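1. Take this sequence and fold it.
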Amino acid sequence: EGFRALSNRLTGPLPTELGLMNDVHHFEVGYNSLSKAIPTQLGQLTKIARETRDVTTDGGLKLMANEFSAALPTELGRLTKLVEQFRVGANKFSSTIPSEIGMLTAATLLNLIHNKLTGILPTELGSMLGIDDEFDLRSNKLCNAIPTQVEALRDGMPHYVEWSFINGNDLGTPCC
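-> All right, here's what the predicted structure looks like:
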């Protein structure tokens, strides 16, 4: 079972009640005009995992290309069964990356591109050993050195994994 509402011209905030759904294996609301904060209740969708019954659908949490703003909820770190994609790129998040995102250790893809995320990369992102597709943090406002744990994760990944976190950031320069 999944919830899919891609490119449906949805507007306004995402209802908090969506976090109460049981047995949701993928949650996709990308390419709409949803706005305001992501409800913390989405962290209760702890059964998000690989969608095994429909091989044409990638599992995961896909909230990309909307107008979500504020902070990424730390509660999303509870989605520890997530074994596919964590996509929240192309929104308007203006916070730091929560260290709890590093708890998504089985996620194969992390995409946070084109937001306004600030601060340093959490060392906990180095725990995301399931990454085998993409680790993309481009076009944010990240700064400071790349943590050694994240560098070690990158160095241990297969060569085909797309790693992008330098472009559009100030990594390597001190945070102001």
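2. tell me the contacts of residue 168?
-> By C-beta atoms under 8 Å, 6 or more residues apart in numbering, the contact set of residue 168 is 138, 139, 140. C-beta coordinates here come from the backbone N, C-alpha and C atoms, glycine included.
3. Would you double-check that it falls in a helix?
-> No: assigned with DSSP: H, G, I helix; E, B strand; the rest coil, residue 168 falls outside any helix and is coil.
4. confidence score at it?
-> pLDDT for residue 168: 82.
5. ditto for residue 1
-> 76.
6. now swap in residue 26 and tell me
-> Residue 26 is assigned 87 on the pLDDT scale.
7. what about this structure, any weak spots by pLDDT?
-> 50-58 (pLDDT under 70).
8. Mind giving me the packing neighbours of the helix or strand residue 27 falls within?
-> Element membership for residue 27, per DSSP states H and E: strand 26-28. With contacts taken as 3 or more C-beta pairs under 8 Å, 6 or more residues apart in numbering; DSSP states H and E, strand 26-28 sits against strand 2-4, strand 60-62.
9. Identify whichever of those lies nearest to residue 166.
-> Smallest distance to residue 166 across the helices and strands packed on strand 26-28 (C-beta to C-beta): 24.4 Å, for strand 60-62.
10. Quick check: what element follows that closest one along the chain?
-> Next along from strand 60-62, by DSSP H and E: strand 67-70.
11. contacting residues for the closest residue to residue 133 other than its chain neighbours?
-> Sequence neighbours aside, residue 109 is the residue nearest to residue 133 in space, at 4.3 Å (criterion: C-beta to C-beta, 6 or more residues apart in numbering). Listed by C-beta under 8 Å, 6+ apart, the contact set of residue 109 reads 60, 84, 85, 86, 87, 131, 133, 134, 135.
12. And stretch 60-76, what's buried?
-> By neighbour count with 16 or more other C-beta atoms under 10 Å, stretch 60-76 contains the buried residues 60-66, 68-69, 71-73, 75-76.
13. export the helices and strands packed on strand 26-28 to TSV and tack on distance to residue 12?
-> Conversion of these to TSV gives the following (distance: least, C-beta to C-beta, whole Å):
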stretch	distance to residue 12
strand 2-4	17
strand 60-62	18
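14. So which of these is nearest residue 115?
-> Closest of the helices and strands packed on strand 26-28 to residue 115 is strand 60-62, at 14.7 Å (criterion: C-beta to C-beta).
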